[in-house]
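Novice: what shape does this take:
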Amino acid sequence: MGLTSAAETAEVAAWAKQYNEVATEIEAIQSGLERYAQTHAVAPAASVKEKLFTAINTNVAAPVVNIKAAEKTRAKVYAISPAWKYAAAASVILLIGSLILNYSYYNKYQSANKELASSQTELQQQIASAQSMDTAIRVMGDMKATQVVAKSIDTTNADMGARIYWMKNTNEVYIDPANLPKAPEGKQYEFWAIVEGAPVNGGVITTELNGKKVHVQKMKSFGKVQAFAISLEDAGPAKVKPDKVMAVGSSI
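Specialist: Here you go, the predicted model:
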């Protein structure tokens, strides 16, 4: 509307380039002004058109204007009230302030969402830990469980091993790997049962879950078992034959 100075106009243009929200708002204001003008436009009377064409088609010669005299006549300048200028500037400032405030609230909203997601993840981990502990208590206290201790075959690390709980009535097998040290990088522990003289893979042993020691883990079920063993293998799918046996325990 021409109410801003050249410096103010340049500043608003810079805002519009930097912030998409400002450019969008300016376009919305311009569209609103156009709609307002169209809505309140006054249609001219029908006689106006007739008078215009009558004046255009007249044969009267156009008046001769004295250029020198016209140069001495100054055009009348109409000034716009400064109040409108300050009101327009205040509107832009309020708009920018509103955008900054909304952006701040949006960031706080995003931060709150991340904290909520983190809390939910932690809660799920606590629930899983509680369920694991409940399973451990139930298995260890089961009167039908046959306990087998798989001891280390390495005399230099005699404390390494695991407790195995074999439910002979259901053939379920659980292992407590709490005494197994963390597997080296790129390695994993695997559980084995010796069935009719041959090793049968019972699954990969998880020693830690979410940074905490695993106390009881359910493994593959077996029927008649002669012994159990734990091996250290390369990380990946469970193996067909054990590579390096770390501990053994007899079920007989």
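Novice: domains of this structure?
Specialist: As assigned by automatic domain parsing, the chain contains the domains 1-39+80-140, 145-250.
Novice: what are the boundaries of the strands in the stretch 101-250 of the chain?
Specialist: 145-152, 161-167, 172-176, 187-195, 198-205, 208-209, 212-213, 217-219, 227-234, 244-250 (DSSP state E, counting those that start in this stretch).
Novice: tell me what the last one is packed against?
Specialist: The reference is to strand 244-250. Using 3 or more CB pairs under 8 Å, 6 or more residues apart in numbering; DSSP states H and E as the contact test, the elements touching strand 244-250 are strand 145-152, strand 161-167, strand 227-234. Where you see a C-beta, it was placed from the backbone N, CA and C, and this is true even at glycine.
Novice: right, so those strands: which one is the most enclosed?
Specialist: Sort the helices and strands packed on strand 244-250 by mean neighbour count, taking mean count of other CB atoms under 10 Å, and strand 161-167 sits at the top with a mean of 21.
Novice: pull the distance from that strand to the chain's centre.
Specialist: From the chain centre to the centre of strand 161-167 is a distance of 41 Å (CA atoms, centre = their mean, to the nearest Å).
Novice: coming back round to it: lowest average pLDDT across the domains of the chain?
Specialist: For those, mean pLDDT drops lowest on domain 1-39+80-140, to a mean of 77.
Novice: and Glu196, which of the helices and strands packed on strand 244-250 is closest to it?
Specialist: Closest to Glu196 of those is strand 227-234 (CB to CB; 11.4 Å).
Novice: the closest one to strand 244-250, inter-axis angle?
Specialist: Interaxial angle, strand 227-234 versus strand 244-250 (axes from the mean of the first three to the mean of the last three CA atoms, to 10 degrees): 160 degrees.
Novice: sorry, back to before: distance to Ala45 for the strands of the stretch 101-250 of the chain - can I get that in JSON lines?
Specialist: Formatted as JSON lines, those follow (distance: least, CB to CB, whole Å):
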{"stretch": "strand 145-152", "distance to Ala45": "104"}
{"stretch": "strand 161-167", "distance to Ala45": "102"}
{"stretch": "strand 172-176", "distance to Ala45": "98"}
{"stretch": "strand 187-195", "distance to Ala45": "94"}
{"stretch": "strand 198-205", "distance to Ala45": "93"}
{"stretch": "strand 208-209", "distance to Ala45": "87"}
{"stretch": "strand 212-213", "distance to Ala45": "89"}
{"stretch": "strand 217-219", "distance to Ala45": "94"}
{"stretch": "strand 227-234", "distance to Ala45": "96"}
{"stretch": "strand 244-250", "distance to Ala45": "105"}
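Novice: and of these, who's closest to Phe53?
Specialist: Across these, closest to Phe53 is strand 208-209 (CB to CB), at 91.7 Å.
Novice: if I look at Thr146, how far off is Arg163?
Specialist: Plainly put, Thr146 is 11 Å away from Arg163 if you go by CB to CB, to the nearest Å.
Novice: also Gly97?
Specialist: Noted for Gly97: a distance of 67 Å to Arg163, by CB to CB.
Novice: cool, Pro181 as well?
Specialist: In terms of CB to CB, Pro181 sits 15 Å off from Arg163.
Novice: hmm, who's touching stretch 166-180?
Specialist: Stretch 166-180 is contacted from outside by 135-136, 139-140, 142, 144-148, 159-165, 189, 191, 193, 202, 205-207, 213-223, 225, 230, 251, using CB atoms under 8 Å, 6 or more residues apart in numbering.
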